[in-house]
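[1] next comes the sequence, and after it the predicted model I'd like to discuss.
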Amino acid sequence: MNIVAVNGSPHGAKGATAILLAELVRSARAAGADVTTLELSDGTVGPCRACDTCHRVGTCPIKDDLARFRDPILAADAVVLASPNYLFSVSAQMKCFMDRCCGPLHMVALRGKYAAAVVSSGGEESGEVERYLLRFLRAFGASTVGSVGASAMELLDPARRPAARRAAAQLGADLVAAVAAKKSYPDQAAEQTAFAERMKAIVRFQKDRWTYEYQQWESRRWV
């Protein structure tokens, strides 16, 4: 079982987000998964330029490190996205990465895979960002197992850290169990189907321009 975690904190492995993510990763490995953690801070993923090249030919013309982070999640059995809460949303690094995945997202490329989210925050405000990441992952096609969030104060205070770490460890174990059992989430089906149908309609409408994506949908007999 291959799980890929992407940490969007600019602090990388030294930040509060990494503390929480590391506990999930440790637990998932203990449950038997092969887990790779990728730090967006170790490379450069710039903003999307809305040139539509990825929709037309399947590749992005921007010369940066996108593929180094994108391709592993597309090949994984499960994906974890981790980010600090920056002004009620994800970090700029994570947002660039998410936006640049618009091509695979149009093809719901994580369909049949599983996902989870990890969020740290300055105060007790991680829930909004957790929900945002989970919604993005379901739009991508993944079944979301859950999320975990904690404040930096919790993570950096030895007295409060154990509870947050236990929650992250439980999520790691739950993620591995879901992949192993091929667990279904009927409550997510309507949302996932609605988004996929919307993507199908858009790709079909743009079929003469977005030739690559239309061919991908057609080859899967989805249109």
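    Looks like it arrived, so ask away. Please read all numbers here as calculations on a predicted model, not as lab measurements.
[2] what separation is there between the residue nearest to the spatial centre of the chain and P186?
    Centroid check for the chain by CA atoms, centre = their mean gives L81 as the closest residue, at 4.0 Å. L81 sits 23 Å away from P186, going by CB to CB, to the nearest Å. Yep, even glycine has a C-beta here, placed from its N, CA and C like the rest.
[3] then A169?
    For A169, the distance to P186 (CB to CB) stands at 27 Å.
[4] neighbour count winner among these two?
    Shown here are A169 and P186; by other CB atoms under 10 Å, A169 has more neighbours (19 against 6).
[5] ok, now which ones touch that one?
    23-24, 26-27 (CB atoms under 8 Å, 6 or more residues apart in numbering).
[6] okay, and it sits in which element?
    Here A169 sits within helix 161-181, counting by DSSP states H and E.
[7] buried residues in that helix?
    The neighbour-count check on helix 161-181 (16 or more other CB atoms under 10 Å) flags 161, 164-165, 167-169, 171-176, 178-179 as buried.
[8] would you turn the residues you listed into CSV with pLDDT?
    CSV is the format used below for the buried residues of helix 161-181 (pLDDT from 0 to 100):
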residue, pLDDT
R161, 82
A164, 87
R165, 90
A167, 94
A168, 96
A169, 97
L171, 98
G172, 98
A173, 98
D174, 98
L175, 98
V176, 98
A178, 98
V179, 98
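[9] could I get those residues as CSV with distance to E130?
    Below are those laid out as CSV (distance: CB to CB, whole Å):
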residue, distance to E130
R161, 19
A164, 13
R165, 17
A167, 12
A168, 12
A169, 17
L171, 11
G172, 15
A173, 18
D174, 15
L175, 14
V176, 20
A178, 17
V179, 20
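[10] which residue ranges form the strands in this protein?
    Taking DSSP state E as the criterion, the chain carries its strands at 2-7, 34-39, 78-84, 114-121, 143-151.
[11] angle of the third one against helix 161-181?
    Put plainly, it is strand 78-84. Counting by axes from the mean of the first three to the mean of the last three CA atoms, to 10 degrees, strand 78-84 lies at 150 degrees to helix 161-181.
[12] tell me what strand 78-84 is packed against?
    strand 2-7, helix 16-30, helix 92-100, strand 114-121, helix 127-139, helix 161-181 (3 or more CB pairs under 8 Å, 6 or more residues apart in numbering; DSSP states H and E).
[13] can I get those in a markdown table including distance to R49?
    Shown next, in a markdown table, are those (distance: least, CB to CB, whole Å):
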| stretch | distance to R49 |
| --- | --- |
| strand 2-7 | 21 |
| helix 16-30 | 27 |
| helix 92-100 | 10 |
| strand 114-121 | 27 |
| helix 127-139 | 20 |
| helix 161-181 | 34 |
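[14] alright, that wraps it up for me.
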